[in-house]
Structures are given as C-alpha cells and as structure tokens.
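Asker: Sequence first, then the predicted structure, then my questions.
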Amino acid sequence: MDDKITIIEGPLPEFKPIQDGWALGLNEGPQLSVTAITSLRTFNGPALVERCYRAWHNQLPMHLHYRNEMGLEQQAPILAARAMDTEEGNVLLLWIYLDRDEVEFEIDSSDDENAEDDHDK
C-alpha cells in the first residue's frame, strides 16, 4: 500500500497555519508540531482521499511527499484530507503536521490594517 501522496510537478505547496479547534485538538502529544493546511490541484482527488482513509482505517500513517524551496525532499504527516471540485478542476485539501523547528511564519501587515479598519467601523 502506498503510504504517501507525492507532488510530482507544479508549484511548491503553500502551507497555512490553522486555528480550527478540531484540528488543534489532534495536535496533542509529546512532539511539538504545527498544524497547517495546503491545497493541491490534482487529477483524481477522491481517489487520493480514499487512499488516505484506507491507510487510516488500517491504522497506518499517510504522508505528503514534496520538495521544499531548496529542492530537498521532505515529508509531512497527513491528519485529514478532503477533495473538492472547483472551476479549475479537482483540488485536494490536506491538513498536515509540520515540524515546529522548520516552520517560518510570514505576517502580512495588511491583515493587521484590515482588522483595525473593521474595528473602527
């Protein structure tokens, strides 16, 4: 059984930290990791989700296998998966764990400005 989803071509995955209560609750344990989400375009999202469900049903891990910005291969454990149909085609949403020591957060100052504008209204 294949225990990973591999990104073969296309742009690097963009990981966004999540604040959903259900996903944060899955992050309890001795290892410090960051729960993140990424979306990937795919030819057959439902088949990839089914592969994840089969592995998890058999109590096996699933990993996202990708290349980082330096071109080095990395893997991240997948904790949830969902396929969606969009106008551009199939999209696979993956909730994953990232090693806290390897994560860099970018803060967009426009988000802070928009929050202040909303507060003033």
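Answerer: Yes, it's here. Numbering: from 1, shown residues only.
Asker: Starting from residue 6, give me the distance back to residue 81.
Answerer: 14 Å (Cβ to Cβ, to the nearest Å). For the C-beta atoms, the positions are set from N, CA and C on the backbone; glycine is no exception.
Asker: Neighbour count: those two, which is higher?
Answerer: residue 81 (21 against 12; other Cβ atoms under 10 Å).
Asker: Enumerate the beta-bridge partners assigned to the more buried one.
Answerer: With beta bridges defined as DSSP bridges, residue 81 has these partners: residue 94.
Asker: Hmm, residue 75 is touching residue 62, no?
Answerer: No. Residue 75 is beyond contact range of residue 62, at 10.0 Å (criterion: Cβ atoms under 8 Å).
Asker: what touches both of those two?
Answerer: Residues touching both residue 75 and residue 62 (Cβ atoms under 8 Å, 6 or more residues apart in numbering) are residue 4.
Asker: need the helices for this structure, in chain order.
Answerer: 21-25, 45-57, 109-120 (DSSP state H).
Asker: for the record, mean pLDDT for the shortest one?
Answerer: Just to be clear, that refers to helix 21-25. The average pLDDT for helix 21-25 rounds to 60.
Asker: Would you mind pulling the contact partners of stretch 73-92?
Answerer: Taking Cβ under 8 Å, 6+ apart as the rule, stretch 73-92 contacts 4-5, 23, 26, 35, 39-46, 48-49, 52-53, 61-68, 93-98.
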